[in-house]
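Novice: show me the folded form of this:
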Amino acid sequence: MKRSLTIVMGIIVISSVLLTGCGLLGPSNGREAVDRTKKMSTMEEKRDYLILQAGRFMKKKQLSDAADIVTYALLKLDPSSPEAKALLEKLENAMAVQKQMGAQ
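Specialist: Predicted coordinates:
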């Protein structure tokens, strides 16, 4: 029984280290997401990655990080991106709702 528990715990620890080390869990904040784009070669690749990450942060209710990422994508990469503009609009609406709920 103890041996099985030790093996299971070992597998969990190794899996978490591998996932974290390989970056499969994604960035933990907006700055980390932007930093990861520095290794990417094209503007389109960077923009698409940042829009994807901003959407993930939005789903996790980390609206400030999501807004930072989208703003960076629009200001530094592609000011005319319709996807980024639409996501920024959704974020602004969600942040307004969050602010109203906090005021109540």
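
Novice: distance of the residue most central in space within the chain from residue 79?
Specialist: Nearest to the mean C-alpha position of the chain, counting by C-alpha atoms, centre = their mean, stands residue 53 at 3.4 Å. Residue 53 sits at a distance of 19 Å from residue 79 (criterion: C-beta to C-beta, to the nearest Å). Where you see a C-beta, it was placed from the backbone N, CA and C, and this is true even at glycine.

Novice: just the helices in the protein please.
Specialist: Counting by DSSP state H, the chain has helices at residues 2-22, 30-36, 43-59, 63-72, 82-103.

Novice: hey, which of the ones you listed is tucked in deepest?
Specialist: The highest mean neighbour count among the helices of the chain, using mean count of other C-beta atoms under 10 Å, belongs to helix 63-72: a mean of 22.

Novice: so where's the chain shaky on pLDDT?
Specialist: 1-2, 4-24 (pLDDT under 70).

Novice: and for residue 80, the neighbour number?
Specialist: Neighbourhood size, residue 80 [other C-beta atoms under 10 Å]: 7.

Novice: next up, the contacts around it.
Specialist: By C-beta atoms under 8 Å, 6 or more residues apart in numbering, the contact set of residue 80 is empty.

Novice: 10 Å instead, please
Specialist: Neighbouring residues of residue 80 by C-beta atoms under 10 Å, 6 or more residues apart in numbering: residue 74.

Novice: for it, grab phi and psi.
Specialist: Dihedral pair for residue 80: phi -100, psi 10, per degrees, to the nearest 10.

Novice: same deal with residue 26?
Specialist: Dihedral angles (degrees, to the nearest 10) for residue 26: phi 90, psi 170.

Novice: perfect, I'm done here.
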